[in-house]
Structures are given as structure tokens and as C-alpha cells.
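**Q** my questions concern the predicted model and sequence given below.
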Amino acid sequence: MKIKIARVGVFVAGFVMILSAGMVTAEIPYYEGKTITVLVQSRVGGGTDTTARMIAAHLPKYIPGKPRIVLRNMPGGGGSIANNIFYERGNLDGLHLLMSGSSAVSMQLRERDIVKYNLMDLNPIGHISRGGNVLMVRKEAFPRLTDPSAAPVVIGTKEGEETWLAMTIWGAEFLGWNLRYIPGYAGSSDFAIAFQRGEIDMMGTSNAYLIEQRRNEGSVVLVTQMGTYGAEGNFLRRADFPDVPTFAETLGNKKPTGMPWQAYTTFTGPQMVDKLLFAPRGIPQAYLAILTEAFGRMARDKKFNESVTNILAEVYHVGVGEETIRALKMILDVPRETLDYTRGLQRKYGIIAK
């Protein structure tokens, strides 16, 4: 399986020496003997937390001085609570980082009231994105999906901002899918548990291992997949799920054009960056350069890539520094009318109240 790894755009030769600021000395690396705390926007066990733990296990050996990395989980508000706090209070000593995710990007993109942060003001160190989400439904619930006289297929959500929800919302709007949304779940690990217990009928995930596990049990139907962006802006099937149609294929001749489809692609855009590691706004460039270079070197590490393949997905992409900045700008710099269209659909199907 071919794995795409981003090239590193920032290099630091030796130790950065800024004696007047007391950051680094010629004899002792600044990070030696120190601990970096990573604020994680989700609870333990979800994809964002799992990614943060992999980074914590591999990144220190590439930072001069090999500091410890510890995690502090702060779930809530679709990731907004942790992102708000980090945005306002992130220390500038190079020892405090944020593990954010696509839900936080989506929350900002749709200007939710709870959002007090601007991710474009923070300093991206890098990101890891997995293949597009696959939408699966419990086998016994599948017939109800297209039967408006039956009980609705139940979907759990955090704040109505998960990128995979786009397939369900546009499915309801253009294919007449029979759905009901239940907000208030804490994250992907809660979705998985609720799905397994039968509390919800449908969920989306990019976690290949979770998808294969459920399919091997014979308990689900893989309805459709978001796919990955092709070179021409189209959606391609994931290499590891070539038998599952993309949502564009599922729509067929009912696929909308113009603003409705632009809004769909905007909604799914945060999946391009998926899991993001940020440094605070205003952090000294010396610290940022060290951390970004370390992230890039980690991205080329064989053991790190084995961990990603074994735990997250066989198909993934690692972006570093400037690449992550460019991706965020492309996602967040969108016309007002696309946001208004999506928000209208969210209200229509009862995902958000206002």
C-alpha cells in the first residue's frame, strides 16, 4: 500500500541559539528535562486522542533535548472548549500545544456561537488525514433508510459538525433518506459504542479497522463513502474500500450542481486536515521551527508510519507546516452563501436549533 508522506518545508540546522532571550544555550538544548503538555480536544479513546498519543510516543526523539510529552484531555462542544481555552491562554514557552480535529474546523467554518477561536491565528505544526469517511448502517435498519413510513434511522452527533454528516444531510435532501438525529454525544468513541449497542443505527468513520470489524461481523451495510479528493476536484473511492461507492456516485442523476454541491464540498473539507497539532499564536519562531522540523522528521520515521498504519489507517497523509496552513486557508476562506445554505439544511433536519 502506497503511503503519501509530506515533504518538510522547514529545516533547523543544529540548535537555535538565542541567548538574549534565554531560550536555548550552546551547551544544553532548551527542551532538555522539560515536559510538553498537549491539550486534546476530545475524550480518551477517540481518533483525535489516539493520534495525539501516537505523536506523543514518537515526536520527542526528534526534538533536541528529548522532552516528555503528556496529554490533557478536554472534551466538549465539538472540540470548541479546548480550542477556545488554548486560543485565549496558550502559553508561549514552547511547552504547550493543542491537538485539534476536523470538528473544530467545521465549528469555525459554520460560525457556531460557542466558537471563540480562529484557527488561522494559531501556528499549525502539522496534520494527519485519513481516507474519507465511510457511512455504515446497521443491517436491520437499512430497509428503513428509504422507507418514509418506517421508523427513522437514528444518527448520533456531537454538535452537528462532523464531516461525515454531510452525506446524511444531503442524502435526506436529495435522496429522501429517512433519518433522525440525536445530538449530545461526546465523540467518535461514543458513536462506536452506541452503534454497537444498537442505540444508534448509522454512523460514519474513516477508521478502516472499525469499518472492517463491523463488516466482518456481518452486522452492517456500507452505504456510501465520502471518498478522497482527486486531482480534478472530484471524489475517488478509497483504495482500501474500492467496492463502496462515493456519495457522488450514490446520488447519481440526483446529484445537485451549483451552490448546493459547493456547500457539500465545503462541509466535507475539514476531513482534508482531520487531526491537527497547533502551537499558540505568538509563539517565538525559534520554538515553532524546532517543533515543526521535529514533526517533519517524525513523519519520515518508519516506526511512526507503522504505528499510523496499524492503528489509524493504511491510507493516510501527513502534512507539515506550510502545507497545513495552505489547507486550512482553502477550507476556511469560503463564500458566505455556502455557509448559509448548509446552515439552512441543518435547521431543516433538526441538527441545530438556530
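**A** Received the coordinates, thanks.
**Q** what about the helices in this structure?
**A** Using DSSP state H, the helices found in the chain span residues 47-58, 80-89, 102-109, 165-175, 188-197, 208-217, 247-251, 259-268, 285-299, 302-311, 322-332, 336-348.
**Q** residues contacting residue 132?
**A** Counting by CB atoms under 8 Å, 6 or more residues apart in numbering, residue 132 touches 206, 225, 226, 227, 228, 235, 238, 268, 271. For glycine as for every other residue, the C-beta is placed from the backbone atoms N, C-alpha and C.
**Q** for it, what are phi and psi?
**A** In terms of degrees, to the nearest 10, the main-chain angles of residue 132 are phi -60, psi 160.
**Q** residues contacting the closest residue to it other than its chain neighbours?
**A** Closest residue to residue 132 apart from its sequence neighbours, by CB to CB, 6 or more residues apart in numbering: residue 226 at 3.4 Å. For residue 226, the contacting residues are 132-135, 163-164, 166-167, 204, 235, 246-247, 268, 271, by CB under 8 Å, 6+ apart.
**Q** mind running it again at 6 Å?
**A** If you count contacts by CB atoms under 6 Å, 6 or more residues apart in numbering, residue 226 has them with 132, 133, 268.
**Q** and the contacts of residue 132, which is the shakiest by pLDDT?
**A** By pLDDT, residue 228 ranks lowest within those, coming in at 74.
**Q** residues near that residue, how many?
**A** Using other CB atoms under 10 Å, the number of residues around residue 228 comes to 21.
**Q** then residue 85?
**A** 16.
**Q** please renumber so the chain begins at 39
**A** In the new numbering, first residue 39, that becomes residue 123.
**Q** so it versus residue 318, what's the distance?
**A** Residue 123 sits 11 Å away from residue 318, going by CB to CB, to the nearest Å.
**Q** partners of the nearest residue to residue 172 once chain neighbours are set aside in the sheet?
**A** In this structure, residue 172 finds its nearest non-sequential neighbour in residue 263, 4.5 Å apart by CB to CB, 6+ apart. Beta-bridge partners of residue 263, counted by DSSP bridges, are residue 172, residue 284.
**Q** just checking, residue 263 touches residue 281?
**A** No - at 9.9 Å, residue 263 does not count as touching residue 281 under the criterion of CB atoms under 6 Å.
**Q** give me the most central residue, this structure.
**A** residue 312 (2.4 Å; CA atoms, centre = their mean).
**Q** quickly list what it is bridged to.
**A** With DSSP bridges as the rule, residue 312 is bridged to residue 166.
**Q** show me what contacts it?
**A** Residue 312 makes contact with 140, 167, 168, according to CB under 6 Å, 6+ apart.
**Q** what sits against the last one?
**A** Same thing as residue 168. By CB under 6 Å, 6+ apart, the contact list for residue 168 reads 244, 312, 350, 351, 354.
**Q** from those residues, which has minimum pLDDT?
**A** residue 351 (68).
**Q** how many other residues sit next to residue 161?
**A** Neighbourhood size, residue 161 [other CB under 10 Å]: 22.
**Q** do you know the pLDDT at the residue nearest to it when sequence neighbours are not counted?
**A** For residue 161, ignoring the flanking residues on the chain, the nearest one in space by CB to CB, 6+ apart is residue 317 at 4.2 Å. Looking at residue 317, its pLDDT reads 97.
**Q** how many neighbours does residue 317 have?
**A** Neighbours of residue 317 under the rule other CB under 10 Å: 22.
**Q** and residue 230, by the same measure?
**A** Neighbours of residue 230 under the rule other CB under 10 Å: 21.
**Q** ok, and the closest non-adjacent residue to it?
**A** Nearest residue to residue 230 in three dimensions, chain neighbours excluded: residue 248, at 6.2 Å (CB to CB, 6+ apart).
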